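Colleague: Starting from these lines, generate the structure:
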Amino acid sequence: MRQAEEVSTMSESESPHDASPVPEAEAESPQGADGGTDDGTWSVDAPRRMSFDGPVTTLRIRVVNGAVNVVGSPDPATHLDISELSGRPLTVRREGSTLTVEYEEFSWQGLRRLIERGKLPDPRTLDHRAVVSVAVPDSARLEVRAVGADTVVSSLAGPADVKAVSGETTLVGLSGAVRADTVTGRVEAQSVTGPLTVASVSGDLTVVDGTSPTLRADSVNGDMIVDIDQADSPADIELSSVSGEIAVRLPHPADARVEANTTSGSLSHAFEDLRVSGQFGMKKLTGKLGEGSGRLKASTVSGSIALLRRPASDAAPNDKKVL
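Modeller: Numbers count the residues shown, from 1 in each chain. You can find the predicted model right below:
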């Protein structure tokens, strides 16, 4: 198997096998790819680096096991690094401005049908493993489907859609619309400024320095920890869990209409302007903070809910009322 090699531009007089694949600006497709076809498709069975000079506006990645790392870059070129690869070969396909890196037989729709039937596959039994890193123009649209692979996405301004099974998802510094769906993996979002939507079965959600204008999160039994930083405009936040716990830290001063309820869990808060109704069974917390321009709605069936206040200094203690 060939070892990973740096890509270099090939002249017309060179043999197609004298250099690794590299895009030619006018042709917008890599040349000299072993196993490649005229339509811009390459079967990769060993670690390899590839570069694409033509604009890539959509990036699609579908892998099983390993890891995915996507970073947005001001560089108009796209750089792909498959640093680890075992089992079946990966397919790299360039169609116009769309770049796809995938196991061709991998079908997310088929996998979802198995999940719905309660037949979640064990990624360790699948003959796949790939570690894929891509530096793509930061305005590109991203779609990731990963099973048993951790995914890290950072510094993108374009929309991102990540679906994962048995893998952690980390989102850092994203300003476009973001959606993350997980079955058993944890989702961590830091300094995400675009709209954020998260759906999880059993994975936890952690949001740090959140300034998203809208945040929607649904979970069956995953916990949610959401830290809202001071944003330019009030946020619209809606969190829902069946048995997971929810903790939200709001900026000081806060500016939101609050509605939180739990059927059998506890409610705690650090705000004098909020009121609790119901002492037995379902409890509901309501009120207006500041002008009430934003919105916070949180609900659980059996989990607890805590609303904290971000102090002027993070070293200052948080006083809470527990009911």
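Colleague: Summarise which helices and strands the longest strand anywhere in the chain is packed against.
Modeller: In the chain, taking DSSP state E as the definition, the longest strand is strand 58-73. Packing partners of strand 58-73 (3 or more CB pairs under 8 Å, 6 or more residues apart in numbering; DSSP states H and E): strand 98-102, strand 128-137, strand 141-154. In this view, the C-beta of every residue, glycine as well, is placed from N, C-alpha and C.
Colleague: any idea which helix or strand comes after the last one?
Modeller: If I follow you right, that is strand 141-154. Next in sequence after strand 141-154, counting helices and strands by DSSP states H and E, comes strand 160-165.
Colleague: Give me the sheet partners of the helix or strand following that next one and which way each runs.
Modeller: Using DSSP H and E, the helix or strand that follows strand 160-165 in sequence is strand 169-172. Using DSSP bridges, the strands paired with strand 169-172 are strand 141-154 (parallel), strand 187-190 (parallel).
Colleague: how many neighbours does the residue lying closest to residue 72 once chain neighbours are set aside have?
Modeller: Among residues not flanking residue 72 along the chain, residue 138 sits closest, at 3.1 Å (CB to CB, 6 or more residues apart in numbering). Burial measure for residue 138: 19 neighbouring residues, criterion other CB atoms under 10 Å.
Colleague: hang on, isn't residue 138 packed against residue 156?
Modeller: Yes - contact criterion CB atoms under 8 Å: residue 138 and residue 156 qualify, at 5.6 Å.
Colleague: joint contacts of these two?
Modeller: With contacts taken as CB atoms under 8 Å, 6 or more residues apart in numbering, residue 138 and residue 156 have residue 72 as neighbours in common.
Colleague: Which stretch among the strands paired with strand 169-172 approaches residue 220 most closely?
Modeller: Residue 220 lies closest to strand 187-190 among those, at 13.7 Å (CB to CB).
Colleague: Is residue 80 bridged to anything, and to what?
Modeller: residue 50, residue 134.
Colleague: got a list of what the nearest residue to residue 84 once chain neighbours are set aside touches?
Modeller: Nearest residue to residue 84 in three dimensions, chain neighbours excluded: residue 131, at 3.8 Å (CB to CB, 6+ apart). Residue 131 sits next to 66, 67, 82, 83, 84, 85 when contact means CB under 8 Å, 6+ apart.
Colleague: Apply 7 Å and report the result again.
Modeller: Residues near residue 131 by CB atoms under 7 Å, 6 or more residues apart in numbering: 66, 67, 83, 84.
Colleague: and it, how far is that from residue 226?
Modeller: Note on residue 131: its distance to residue 226, by CB to CB, to the nearest Å, is 31 Å.
Colleague: Next: residue 300.
Modeller: In terms of CB to CB, residue 300 sits 13 Å off from residue 226.
Colleague: same question, residue 256
Modeller: 13 Å.
Colleague: what residues go with each domain of the protein?
Modeller: Using automatic domain parsing, the domain ranges for the chain come out as 21-145, 186-323.
Colleague: got TSV for the ones you listed, with distance to residue 178 and mean pLDDT too?
Modeller: Shown next, in TSV, are those (distance: least, CB to CB, whole Å; pLDDT from 0 to 100):
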stretch	distance to residue 178	mean pLDDT
domain 21-145	9	79
domain 186-323	5	89
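Colleague: Out of those, which is closest to residue 173?
Modeller: domain 186-323 (5.0 Å).
Colleague: still on that earlier bit, same list, the helices and strands packed on strand 58-73, but as JSON lines with distance to residue 171 please.
Modeller: Converted to JSON lines, the helices and strands packed on strand 58-73 look like this (distance: least, CB to CB, whole Å):
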{"stretch": "strand 98-102", "distance to residue 171": "19"}
{"stretch": "strand 128-137", "distance to residue 171": "15"}
{"stretch": "strand 141-154", "distance to residue 171": "5"}
